[in-house]
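Enquirer: can't give you the sequence, but here's the structure:
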């Protein structure tokens, strides 16, 4: 099982959460960014439907896989 950590940081004149170097939209204060990160982290843990997915890799090859709807990451929020 994978693990996703949302980090609260100052960004773009306000506050944001970040995951693996990608920033959310800016929030006016730390509390708003923290609340949004907690909400998104909770949504990440919700199981979905098992579905077939297709994607293209950077080398131009297409792949088909079954994505298990129950395979959700563990999440937490820091900051």
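Expert: Alright, I've got the coordinates. Predicted model, so just to flag it, every value in this text is computed and none were measured.
Enquirer: Any chance you could list what contacts the longest strand anywhere in the chain?
Expert: The residue-count maximum for a strand in the chain (DSSP state E) belongs to strand 3-11. Identification of contacts with strand 3-11 by CB atoms under 8 Å, 6 or more residues apart in numbering yields 15-19, 23, 26, 30, 33-34, 37, 40-41, 44, 73-79. C-beta coordinates here come from the backbone N, C-alpha and C atoms, glycine included.
Enquirer: Can you flag which of the residues you listed belong to helices?
Expert: Under the assignment DSSP state H, the contacts of strand 3-11 contribute 30, 33-34, 37, 40-41, 44 to helices.
Enquirer: Verify the stated contact: residue 17 with residue 38.
Expert: No: taking contacts as CB atoms under 8 Å, residue 17 lies outside contact range of residue 38: 9.1 Å.
Enquirer: and those two? which has more neighbours close in?
Expert: residue 17 (26 against 16; other CB atoms under 10 Å).
Enquirer: how about stretch 69-78: buried residues?
Expert: Neighbour-count burial for stretch 69-78 flags 72, 75, 77 (criterion: 16 or more other CB atoms under 10 Å).
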